[in-house]
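K.L.:
Below is the sequence, then the predicted model.
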Amino acid sequence: MNLDGAASRVCLVPEWPAASRVKALCSTRSGGVSKHPYDTLNLGDHVGDVAQRVEENRRTLATTTGAKPVFLKQVHGFDLVDIALNTPNGVVADACWTRESGVACTIMVADCLPVLMTDLQGRWVAAAHAGWRGLAGQKGRGVLEVSVERCLRANGGQAAQGAADLLVWLGPCIGPEAFEVGPEVKDAFCADYPSDAMAFQPTSKGSYLADLAQLARFRLERLGVSAVYGNDSTTVWCTHTQQSLFFSHRRDTAVGGRTGRMAACIWLDSQSTF
């Protein structure tokens, strides 16, 4: 994880060998104007924060990126949409991609896993919201399968061959020490891929501690994607544990009932503030 230069106050910058025109970041909870419990860089306009403060925070994000962030209406599904400069906020989807410069594929999170993608040539970028429901999907096909296959197909590649040219960055999410789930979550993954059981550790209560980032790595490996960077399931990436750095829906709503949202963005641009 790298807190990079002038942008370090408000974002994490992926350390990966992406093409120079590919820019990416993940905001933290610092650098904005929102008040407790949204302190301070809350980017979610659906969590009860003052609208004017969210708008100012989003302007801060746009200034930092030098691009237009497009915010989706995320529903824990696995639909992917093509976005452009004229795409409005609020399109219902949990993943997006573009070949157009100046527009940022943007995913909001507060425990779910943000996944950023591009190819080695930097011809396109994509972002996916991978909570456990979207990651598991239906019949073994979730948001990562849809995103990888659609992006490769749209750019003339075949899934098996083109996946070798992909770069993927996993952002912060709730870690395996904190993500306690019921048997139905384990079943949602293991029904199609029994080996996914390795990402679930049983507790004495009959529940499981789930490793969301590991489940994503398993999915990407099965798709033939080997160049995966970022979240390695250690506590430094855990939104629940790193309270001063990240919002956490599970941690914060258990205490105060509300929390903010961070954003992971990826875009094609030759101009940037970092």
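P.N.:
Looks like it arrived, so ask away.
K.L.:
Cys96: which element?
P.N.:
Using DSSP states H and E, Cys96 falls within strand 95-98.
K.L.:
Can you give the distance of that strand from its chain's centre?
P.N.:
Relative to its chain's centre, strand 95-98 lies at 12 Å (Cα atoms, centre = their mean, to the nearest Å).
K.L.:
which neighbours does the very next helix or strand once past it have in its sheet, and in what orientation?
P.N.:
Counting by DSSP H and E, the element after strand 95-98 in chain order, helix or strand, is strand 103-109. Strand pairing for strand 103-109, using DSSP bridges, gives strand 68-71 (parallel), strand 262-268 (antiparallel).
K.L.:
Can you tell me what sits against the shortest one?
P.N.:
Meaning strand 68-71. Outside strand 68-71, the residues that touch it by Cβ atoms under 8 Å, 6 or more residues apart in numbering are 43, 45, 58, 61-62, 83, 85, 87-91, 96, 102-106, 108, 263, 265. Glycine gets a C-beta too; all of them are placed from N, C-alpha and C.
K.L.:
PyMOL command for the buried members of those residues?
P.N.:
One line in PyMOL is enough to select the buried ones among these; burial here means 16 or more other Cβ atoms under 10 Å:
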select buried, resi 43+45+58+61+83+87+96+102+103+104+105+106+108+263+265
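K.L.:
now stretch 196-214, how far from the centre of its chain.
P.N.:
On Cα atoms, centre = their mean, the centre of stretch 196-214 falls 21 Å from the chain's centre.
K.L.:
in it, what's buried?
P.N.:
For stretch 196-214, by 16+ other Cβ under 10 Å, it's 196, 199-200, 207-214.
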